[in-house]
Structure formats: structure tokens, C-alpha cells
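1. quick one, what's the 3D model for this:
(one chain, ligands or ions: 1)
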Amino acid sequence: MLSFKCENCNGELSVDSSGALYCEYCGSRFHFSDEQLRGYKEFRGRMLRYLRETHERKAEEVRNEDALWHSAEYAYLKSADDNDITIRYLYRCDDGPSVTMYLTREAFLFHFKKEARALAEAQERALQRLSFPPADMKGLRDCFPVAAGSYLLENGGLLLAYRRAGNLFPLPLLGALSAEHAAWVVSRMENICCVLAYSDLAHNGISENSLAVDPFTHHAVLIGHWWEAGYASEGSAGDLKAVRSTASRILGVNRSGIPKEFTAFLNSAPKRNAYDDFALWDEVIEKGFGGRRFAKTNIQI
Ligand SMILES: [Zn+2]
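-> I've put the predicted structure just below:
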């Protein structure tokens, strides 16, 4: 299904009980009579029901996505050597006029049109520059894209594929998150910023639109917007600010139950580097949330 974004803040729209399209990030409501939105509403409702059920299921139960994929759609491309490429996708999101992301069952695909080839090349260069601490105790490597294929297209475009592990979904599909669940996304973003610092990279595009999360495991991957990355000549401040603005957005308009330490963190200036910032965040977890514990994702619907 094609993404449908809020006109006010660009958040992925949800559907409220009256059937209106509703932005959980800024609270805007939109009433459209357009027939083509019917499919979108059905998809969003089904998606959120699935995600809510993940909350109610026991973690060890099967994470069966089959019902979602019954409503998958198809896109068709042609390779430079004239082979047909069929993309079966659940969700499609345009990122500007020249880049389209597809969520397929096994991969995140990025279709760069010919005029965006430089972006694709910048993305591949940035990912090659990533390096990881020798003892990767936290599985940090899994928080970054793993290349799964590259296809030249007939019209000069490029299709880049990255592995979709587990039950990863683009973060905007989850809608607004409670403080506890926004906190686990922040924890992963802080981990990610430490790897970026270790690699001397600035990502420059961290937002809900560049993250994918697994609601079952709280895993998160910085999957998108790598074309904006560059050397971290200015330090980590930009990415660390983006961690705060992303967390503020995914908390949405319903701000009840946010620990004051979390709010103070969101309003704080980033520390001078990602490692110190992670230590600051760790204090928020300790004081605001009583330490690390696993909470099942509670999707608001
Ligand atoms: Zn909005």
C-alpha cells in the first residue's frame, strides 16, 4: 500500500473510530471521500490490529505475518539486461521525487531513479565505511542495513536490496508509541549513534522515516537515508539532536505518563559525543524507567 502522510507534519496517517484519517504524531484529522483511500484505511486498520495482537500474544508464539501479506501489492521494473523484476510489497513510501522504498517480505528495497544514482552511490559508500567494535556484545551490526542485492535498471535507475530480518516494519507504521516503547527506540538510536561515532560518520537523516523496528523484539535498524551520510567533521551533534526530535515525534500528541527525566532528555542539548550521550540516556533509563526491562509493544489504536 502506498504511504499516506499527514499534510501538517508528514506523519503516517492512522484511522480513528469514526473512520477519519488521523495523525497520531500531531493530532490532525482529515476527512476525505476519495474512493482510493478505502484500500489504505483497510490496510492501516489491518496493520494496527496485527501490531496490537503482537502485544497480546506471548513472545514465544509464532509471529505469523501471512494475513498481512494477503493484501500485498505488486510493482514491476525491468533490469538493464531486460529481465522482469516483480516486487511484491506490503508498503511503499516515496522519499522525494526520485527514491521509493518498498517493504517486501524478505527485504527493504530502495528504487533510485536515474537522476538519483548519485544518492545511491553515496549510500553504498557510507555503508562501506561503517566499522564495528571488535567485541560486538550488543549485536550492533544488526542495527545497520545488510546488503542483499543490487540491480541495474533499464532506464538508468538502480534497485538496492537490504535484508529484512525478523518482523521489521518501517517505524511510521506503528503510529505513536507510549513512553516506554519510545524509550527502547531511543536506546537503539543511541547505540546506533555510538557505531556512527566509532566509524567517524554522521548519518544526517535519522528520523522515524529512516528507522525500521521489530515490535516483538524491540530491535531497530537504521535502514534509510544513508545517502545523506558523510564524515563526522562536526561531531555527532546533528544525529544526537535527531534522536531527540525523532523520539518527540513518535511520542505523538498523547503525552501522559512520560517520566520527567525523559522529557528533560528530549529538551537537553546533545553531549559532546555519542558515548557521553549514551551515558546520559542510560541515566534516564535508570531514574525514569527503573532500569532496563522488556515491555511488549503497546500500539495505540
Ligand atoms: Zn501530523
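2. isn't Thr54 up against Glu65?
-> No: Thr54 is beyond contact range of Glu65, at 10.2 Å (criterion: C-beta atoms under 8 Å). The way it works is simple: take the backbone N, C-alpha and C, and place the C-beta from them, glycine included.
3. max-length strand in this structure?
-> Secondary structure of the chain read by DSSP state E shows that its longest strand is strand 84-94.
4. so who does the residue of the stretch 51-200 of the chain found nearest the ion touch?
-> Proximity of the stretch 51-200 of the chain to the ion (C-beta to the ion) peaks at Ala176, 10.2 Å away. Applying C-beta atoms under 8 Å, 6 or more residues apart in numbering, we find Ala176 in contact with Glu24, Tyr25, Ile250, Leu251, Gly252, Val253, Asn254, Gln300.
5. likewise Ala264?
-> Taking C-beta under 8 Å, 6+ apart as the test, what Ala264 contacts is Val284.
6. going forward, count from 39.
-> I'll keep to 39 as the first residue from here, and by that count the last item is Ala302.
7. which is the next helix or strand following the strand or helix carrying Tyr78?
-> Using DSSP states H and E, Tyr78 sits in helix 75-94. Next along the chain after helix 75-94, taking DSSP H and E as the criterion, comes helix 104-107.
8. who in the stretch 39-188 of the chain is up against the ion?
-> Cys44, Asn46, Cys47, Gly49, Cys61, Tyr63, Cys64, Ser66 (C-beta under 5 Å from the ion).
9. pretty sure the last one is touching Lys43, no?
-> No: taking C-beta under 8 Å as the contact criterion, Ser66 and Lys43 are not neighbours in contact, 10.7 Å apart.
10. re earlier: and the residues of the stretch 39-188 of the chain next to the ion, which of them are buried?
-> By neighbour count, with 16 or more other C-beta atoms under 10 Å, these hold Cys44, Gly49, Cys61, Tyr63, Ser66 as buried.
11. quick check: the residue of the stretch 89-238 of the chain closest to the ion is in a helix.
-> No: Ala214 is assigned coil when assessed by DSSP: H, G, I helix; E, B strand; the rest coil, not a helix.
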